[in-house]
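Colleague: only geometry, no sequence info:
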């Protein structure tokens, strides 16, 4: 088996082993939460600073926090919302963040162009219908994608994942992306709806739950679902550490991944757990908390387990296709090595 395929198989088999480890306890009804803690050695760090984008792409992380899965692994999570992945990367490289969760486009750009020492440790989300949508206001006069010519289409950061999704769909519909204007400054997702309503931007690219919030509270109307064409079922978000951090904190990382992957499994199979997790995020809307009425209607993604190198290579290939990378880039160099997964340590102890 090749190294690329071995890595994906390792992560999947590790989670299977955890799920089979024991069946007692657990806060989530019928869940695999009782399979924690794992039998790894003591964590090198017990308090982690983690920043993720407060969107539905991060559902596995928020479920793991809500279900107490990180705590069961002896980890305390200091969560802060990431305004954008670019911002989180800068803070992480300064050593102020242990782990970040954000879009692959920004991470790949950082490694391919700046040679930042980042390493993807887990996948976060795969786009599904309704989870990434372009919205307009009813009185905008914009009825089709062609009507965006000469208008500003909002994204939360320049040349990031939403930009890539937008240019892919525009091209798919025969529209030159250069005919559409994109903002040169960040527009944080919590402020995107207001920017659309005020007319600062003519259309807005929004993931859930911001999409449902804009639709329900502001009356925004969908113009185009981005889950189509070259970016259908597209990998959106992953979790990243620096290579030096991974080397210095192997037990901590394994414990974090064990909790995260079980959170991913729950998020992928139990919608009510996702709704409860987002309804109870501490810190209000700025941190990602959503009202129950929004939680009940928001679209979800698929939440994979482990790392599929072939799937993530697709992101880099599409980035090159649409000019976000000057040359082709092999993502294998920025993925957690297969050797990190030691099956002898993937055994669970009864809490």
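Modeller: Good, I have the coordinates. Remember, predicted model here, so these are calculated numbers, not experimental data.
Colleague: When you work out contacts or count neighbours from here on, use the C-alpha atoms and nothing else.
Modeller: OK.
Colleague: Distance check, residue 227 against residue 193.
Modeller: Distance, residue 227 to residue 193, by CA to CA, to the nearest Å: 20 Å.
Colleague: which of those two has more neighbours?
Modeller: Taking neighbours as other CA atoms under 10 Å, residue 227 and residue 193 compare with residue 193 leading, 29 against 20.
Colleague: okay but the more buried one is in contact with residue 218, surely?
Modeller: Yes - in this structure residue 193 lies within contact range of residue 218 using CA atoms under 8 Å: 7.4 Å.
Colleague: distance of the residue most central in space within the chain from residue 212?
Modeller: Among the residues of the chain, the one closest to the centroid is residue 237, at 2.9 Å (CA atoms, centre = their mean). Residue 237 sits 19 Å away from residue 212, going by CA to CA.
Colleague: just residue 65 next, same as before
Modeller: For residue 65, the distance to residue 212 - CA to CA - is 23 Å.
Colleague: what's residue 146 sitting at in phi/psi?
Modeller: The phi/psi pair for residue 146 (degrees, to the nearest 10) reads phi -60, psi -30.
Colleague: How many residues are close by it?
Modeller: Neighbours of residue 146 under the rule other CA under 10 Å: 15.
Colleague: ok, back up a step: more neighbours: which of residue 65 and residue 212?
Modeller: Neighbour tally, residue 65 and residue 212, criterion other CA under 10 Å: the higher count belongs to residue 212, 26 against 20.
Colleague: Next secondary structure after the helix or strand that contains the more buried one?
Modeller: Secondary structure assigned from DSSP states H and E places residue 212 in helix 210-213. On the C-terminal side of helix 210-213, the nearest following helix or strand under DSSP H and E is strand 221-225.
Colleague: list the helices and strands that following strand packs on?
Modeller: Using 3 or more CA pairs under 8 Å, 6 or more residues apart in numbering; DSSP states H and E as the contact definition, the elements that strand 221-225 packs against are strand 132-136.
Colleague: Quick one: low-confidence residue ranges for the protein.
Modeller: 1-34, 341-351 (pLDDT under 70).
Colleague: where along it do the helices fall?
Modeller: 3-21, 59-66, 69-72, 85-93, 104-114, 161-172, 189-198, 210-213, 243-248, 250-269, 271-279, 292-295, 309-321 (DSSP state H).
Colleague: right, and the ones you listed - which one's nearest residue 122?
Modeller: Between residue 122 and these, the tightest spacing by CA to CA is seen for helix 250-269, at 7.5 Å.
Colleague: what sits opposite the residue nearest to the centre of the chain in the beta ladder?
Modeller: Taking DSSP bridges as the rule, residue 237 bridges to residue 103, residue 125.
Colleague: Would you confirm that it contacts residue 104?
Modeller: Yes - the pair residue 237 and residue 104 qualifies as a contact (CA under 8 Å) at a distance of 5.7 Å.
Colleague: Residue 300 against residue 125, yeah?
Modeller: No - the criterion here is CA under 8 Å, and residue 300 misses it with residue 125 at 9.4 Å.
Colleague: what's the overlap in contacts for these two?
Modeller: Residues touching both residue 300 and residue 125 by CA atoms under 8 Å, 6 or more residues apart in numbering: residue 57.
Colleague: which phi and psi does the closest residue to residue 249 other than its chain neighbours have?
Modeller: Here the nearest residue to residue 249 in space, its sequence neighbours aside, is residue 44; by CA to CA, 6 or more residues apart in numbering that works out to 5.5 Å. Backbone torsions of residue 44, given as degrees, to the nearest 10, read phi -70, psi -30.
Colleague: residues near residue 44, how many?
Modeller: Neighbour tally, residue 44, other CA under 10 Å: 12.
Colleague: For residue 159, see how far away it is.
Modeller: Distance from residue 44 to residue 159, by CA to CA: 36 Å.
Colleague: Equivalent analysis for residue 76, please.
Modeller: Distance from residue 76 to residue 159, by CA to CA: 34 Å.
Colleague: more crowded one of these two?
Modeller: Neighbours per residue, other CA under 10 Å: of residue 76 and residue 159, the larger number sits with residue 159, 19 against 16.
Colleague: Quick check: that one touching residue 325?
Modeller: No - between residue 159 and residue 325 there is no contact under CA under 8 Å: 10.4 Å.
Colleague: what's the domain layout of this protein?
Modeller: Domain segmentation of the chain under automatic domain parsing yields 3-128+233-345, 132-231.
Colleague: mind listing what the residue nearest to the centre of the chain touches?
Modeller: Neighbouring residues of residue 237 by CA under 8 Å, 6+ apart: 57, 58, 101, 102, 103, 104, 123, 124, 125, 126.
Colleague: do that again at 10 Å, thanks
Modeller: Residue 237 makes contact with 52-53, 55-58, 85, 101-107, 122-127, 161, 303 under the criterion CA atoms under 10 Å, 6 or more residues apart in numbering.
Colleague: for residue 95, same thing?
Modeller: Residue 95 touches 49, 89, 242, 245, counting by CA under 10 Å, 6+ apart.
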